[in-house]
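*Asks:* The following block contains a protein sequence and its predicted model.
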Amino acid sequence: MSIFLSNEIIVFLLIELILIVLMAISQVNIVTIVRYWDFNATTPLQYALEKKNYLINTILYFTVSCKVILFLFFIQSLNALSGIVPGAMCSAGVVGANHYGNALLLLKLLLIFGFGLWLIINKLDLGFITFPYLKRKYLLFTLLFAGVLGEFVLEILYFSNIPLTVPVFCCSVVFQAPKLPFGYTQTLLVLFFYTIFGAILVLNHMKQTMASFTCNLLFLFIAYYAVTYFFGLYIYEMPNHKCPYCMLQKEYYYIGYLIWGSLFLGIFFGIMPFLIERITQKSYDYLLRYSSVCHIITALICSFYVVRYYLMTGVFL
Amino acid sequence: MRSKNFVEYAILLLFKDKNDHLFSFLIFSFIVFILSSTLFISDSLQEDLLNSIKSQPEIVVENTRAGRAYAMHDGFIYDISKITGVSNVEGIVDGYHYFAQKRLWFHIIGDATLAKDEMIIGQGVKNAMAELYYNEEFHFFTEERMIRLKINKIAPKSTTIISNDAVYLHPNTARAVLGMEMDEYSKLYVSVPNPNEVGNVSLKIVEIYPSAKATTKEDAISAVRHLYYYKGGIFMILYVIALVSFFILLKNQISLVYGEKKKEIAILRSLGFCIKDIIALKFIQNTVVSVSAYLLGVAMAYIYVFMFNAPYLRNIFLGSELENSISFTPVIDINLLFLIFLFGVVPFLAFVILPAWKIAISDMSEAVKS
Amino acid sequence: MSKIVITNLNKLYNPNKPNAFYALKNINLSIEEAEVVILKGVSGSGKSTLLSLIGGLAKPSSGEILVNGQNIAKLPDIMSSGYRHKEIGFIFQSFNLLEGLSVYQNILAPLSLTSLSKEAINEKVSRAMSLANIEHKQHQTVGSLSGGERQRCAIARAVVMEPEIILADEPTANLDKENSLMFIDILKKFKALHKTVIIATHDTLFDDQNCIDRYVHMRDGEFVE
């Protein structure tokens, strides 16, 4: 029996396929638009191209909304799949079932960031009569489309390599210390977390877009490890339950969505201003404010659990 | 973005043309209805089975000879109870009796709490027996003799999925009916308190008795899950096909209405609606249609499955030849509803994008003059 | 500065095809604010096309149309729609009402693009209806209205956003004498409100009316004296 017969996977792949078809239609149109675009012309062709713009716009808005929903659905489906994948007790086991799992998650996240960037540039482009960023915007789209195709291939590879008869590792093996990267200890990790967090706040305040961009990217990885290997322990109140996915479940009041959500949003708002500046030569740094707010939320929630545990038990894990 | 006024106006225009959308609304509702019913039934059965497995012992041992089920004797119980980690071994009598007149198999289950001549039967068994006028008592015909037993009780409705074709007897009576010796057992229930040791114990059992099968609870749960995934998946594929055909129909529908609609859209454009507004308008209207069709389909499915017990559809899932008088226990899973939503509404809206755009960009100056 | 300045306007239909023809040839026109202008000419003289171009319903083949100093000929869709929405009130020859909706709901259409409160919307619609004298029919579906009533509904819809420019294409072509005179009355109200009005018509009723500032004659896509 194949994993492709599971309800969730069929729906998931179906929607992905539909989105790919829509994006392919856009891509074909984009090629025409970029070739023949001449804003100053008053020919019927030019007017037709301007109208095609709107089709691509609509398709992209729709695609982005679906991609975000699919990302959440993907995470939830992994949890449902853990019922038929032997040895997996939650999403962590399913993700770690083969080496495509984590790469896939990272790619999905980066693609969503990419789409977000596209939407912002599009909004700016439409605000001017002359569509100044058109060609750059569509180059970005083509890159995103290539990314989406790659994502689909990766998904097929990932799903077809999930073993249904041989047990996989569950989180207690996958996230075992001392397998922390670079041999960091917990204290060092937490130190890094707060240091970079502070650095980001300062840089955002000073509107240093490039530095903020770099720090935010770094923070993506540091925070992932910090939440999984340290803060998570205080959420689960267990010294060995190192799992980034369990906190998304009902038992922990879905707090995971808030933590990961504000973290990813904060990083998104942190890296966007730099990229926008590179593409449009316009400054867009008011997003940095949102970045700071989101990161503060993340840090507060994480610290809250640590403090709460200490107040309840008088010790640290 | 779009203000409340815009959304309200979009819905106003929708109701003005409600007949145009009625067709897609009803067909889509129907598709959601069938899909939801299937998934509700599947989930409900799965829940019931899983619950019944959870109350089972950790390991169930069955013996085989030449690949067929074969009885076990006391020696088995003794050997297995000596394995470390095993707290208790219970021997069970369990088998099938052929009711020749109706060409049906009854599932005979030994129950030590019953007295020697007591018999409890399931609903389906009762119906089958009643057809041959066995209302008060029943005659079991074995190789050696006929055993007469009074029908005492009918198994309660909530256990029907297991008990429908079951006959509960005292173990010795059961042995007599099944033609087994007095010290023979069909199955052994092995209790292993420590869940970590279950795997080891089952391996050891098979070491001692190579022809035996030791099924752990996890295996059983997994098997049920696999079965239901399989069944669900086949249906999903069928639905993809149904959905595709539906959308082909939808496309034809949209092109039918095209001509009249063009004038209306041109009028709106001349009043200041930009292309994005028209696309948004169409999207809002279709979202209302698809979401309400989804809600209707799901609600009807709920009533159909959990209040009327899904006549006709349930036979696909419950393959027993006995008359099924099952009632499905309501199991509603948010993930499931979301799945159906994704499956239906998202493709519906995706298909609307191109027609909506096409109609939004059509030239208005000609249309408003006609 | 003039309200509307048109320079070297050309509209060519079916370009690069054997049946190509110029609907408008080298039009130059300047209209002041609060001026009431009549475009006179037989059918096919290009007056409807000129109106469409001024109203932003179509794009010219070449030339400039400056309205309040901005060239509306080359605006992308979002902006030209915004222009049509706020600056222009168009009254069509065939009224172009939304069948199946009431008078009130038809007049509501342009307001659905705004984020005004219910009370503000109500007030605007009422004012438009009283100017066009159609208040007493507000809840009737437009299908059951007479020709004159339909036109007054169209007028109310055209003025509800209080645009500065009103364009009317053959407004009296489908009306009887009585209703046509009612239209002239409403035209006088426009004049009193300092609207810039351009009417394309070949109805002789508009000759010798005091409220009209200028007559422009057109033939075969060009102005004639």
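*Replies:* That came through, no problem.
*Asks:* Any regions of chain C where pLDDT drops low?
*Replies:* C:1, C:225 (pLDDT under 70).
*Asks:* what domains does the record give for chain B?
*Replies:* Following automatic domain parsing, chain B resolves into domains at B:4-52+B:223-369, B:57-216.
*Asks:* of the ones you listed, which approaches chain A most closely?
*Replies:* Nearest of the domains of chain B to chain A, taken as CB to the nearest CB: domain B:4-52+B:223-369 at 2.7 Å. The C-beta positions use only the backbone N, C-alpha and C, and glycine is treated the same way.
*Asks:* Neighbours of A:Thr280, how many?
*Replies:* A:Thr280 is flanked by 17 other residues according to other CB atoms under 10 Å in any protein chain shown.
*Asks:* so what's it up against?
*Replies:* A:Ile121, A:Leu124, A:Pro132, A:Tyr133, A:Arg136 (CB atoms under 8 Å, 6 or more residues apart in numbering or on different chains).
*Asks:* One more pass at 7 Å, please.
*Replies:* A:Thr280 makes contact with A:Ile121, A:Leu124, A:Tyr133, according to CB atoms under 7 Å, 6 or more residues apart in numbering or on different chains.
*Asks:* Which of those residues are buried, as a PyMOL select command?
*Replies:* Here is the PyMOL command that selects the buried residues among the contacts of A:Thr280 (16 or more other CB atoms under 10 Å in any protein chain shown):
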select buried, chain A and resi 121+124+133
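*Asks:* Over to the residue nearest in space to the middle of chain C. Which of the three states is it?
*Replies:* The residue lying closest to the centre of chain C (CA atoms, centre = their mean) is C:Leu167, at 2.0 Å. At C:Leu167 the chain is in strand, as set by DSSP: H, G, I helix; E, B strand; the rest coil.
*Asks:* again with B:Ala214
*Replies:* Strictly by three-state DSSP, B:Ala214 counts as strand.
*Asks:* surely it meets B:Val206?
*Replies:* Yes - using CB atoms under 7 Å, B:Ala214 makes contact with B:Val206 at a distance of 5.7 Å.
*Asks:* Which one's more surrounded, the two?
*Replies:* B:Ala214 (22 against 14).
*Asks:* What distance do you get for the more buried one to A:Leu126?
*Replies:* Per CB to CB, to the nearest Å, B:Ala214 is found 68 Å from A:Leu126.
*Asks:* What of A:Glu237?
*Replies:* For A:Glu237, the distance to A:Leu126 (CB to CB) stands at 50 Å.
*Asks:* neighbour-wise, which of the two wins?
*Replies:* A:Leu126 (19 against 14).
*Asks:* and the more buried one, what helix or strand is that in?
*Replies:* If you go by DSSP states H and E, A:Leu126 is part of helix A:101-127.
*Asks:* counting contacts, what elements does that helix pack onto?
*Replies:* Using 3 or more CB pairs under 7 Å, 6 or more residues apart in numbering or on different chains; DSSP states H and E, the elements in contact with helix A:101-127 are helix A:44-81, helix A:91-95, helix A:134-160, helix A:255-280.
*Asks:* buried residues in the first one?
*Replies:* Under the neighbour-count criterion of 16+ other CB under 10 Å, helix A:44-81 has A:46-47, A:49-64, A:66-67, A:70-71, A:73-81 buried.
*Asks:* And for the last one?
*Replies:* By neighbour count with 16+ other CB under 10 Å, helix A:255-280 contains the buried residues A:255-256, A:259-260, A:262-277, A:279-280.
*Asks:* now the following helix or strand past it: mean pLDDT?
*Replies:* Following helix A:255-280 in sequence order, the next helix or strand is helix A:287-313 (DSSP H and E). The average of the pLDDT scores along helix A:287-313 is 87.
*Asks:* what's the spacing between helix A:287-313 and its chain's center?
*Replies:* 20 Å (CA atoms, centre = their mean, to the nearest Å).
*Asks:* repeat for stretch A:111-124
*Replies:* 13 Å.
*Asks:* which outside residues touch that stretch?
*Replies:* Contacts of stretch A:111-124 (CB under 7 Å, 6+ apart): A:57, A:60, A:64, A:67-68, A:71, A:133, A:137, A:140-141, A:144, A:147-148, A:151, A:268, A:272, A:275-276, A:279-280.
*Asks:* burial count for residue 134?
*Replies:* Since no chain was named, I'll use chain A. If you count neighbours by other CB under 10 Å, A:Leu134 ends up with 19.
*Asks:* try chain B instead
*Replies:* Using other CB under 10 Å, B:Tyr134 is surrounded by 17 other residues.
*Asks:* now the closest residue in space to it that isn't next to it in sequence: how far from B:Leu336?
*Replies:* With CB to CB, 6 or more residues apart in numbering or on different chains as the criterion, B:Tyr134 has its nearest non-adjacent residue at 7.5 Å, and that residue is B:Ile151. Distance of B:Ile151 to B:Leu336, computed by CB to CB: 40 Å.
*Asks:* just C:Ile27 next, same as before
*Replies:* C:Ile27 is 65 Å from B:Leu336, where distance means CB to CB.
*Asks:* who has more neighbours, the two?
*Replies:* C:Ile27 (23 against 19).
*Asks:* Look at that one and give its secondary structure.
*Replies:* Using three-state DSSP as the criterion, the local structure at C:Ile27 reads strand.
*Asks:* List the beta-bridge partners for it.
*Replies:* C:Leu9 (DSSP bridges).
*Asks:* could you point out which element follows the lowest-mean-pLDDT helix or strand in chain A?
*Replies:* In chain A, no helix or strand scores lower on mean pLDDT, DSSP states H and E than helix A:171-174, which sits at a mean of 62. As assigned by DSSP H and E, the chain's next helix or strand after helix A:171-174 is helix A:186-205.
*Asks:* So what's the residue count around the residue in the stretch 151-300 of chain A positioned nearest to chain B?
*Replies:* Using CB to the nearest CB, A:Leu164 is the residue of the stretch 151-300 of chain A that sits closest to chain B, at 8.2 Å. For A:Leu164, the neighbour count with other CB under 10 Å is 16.
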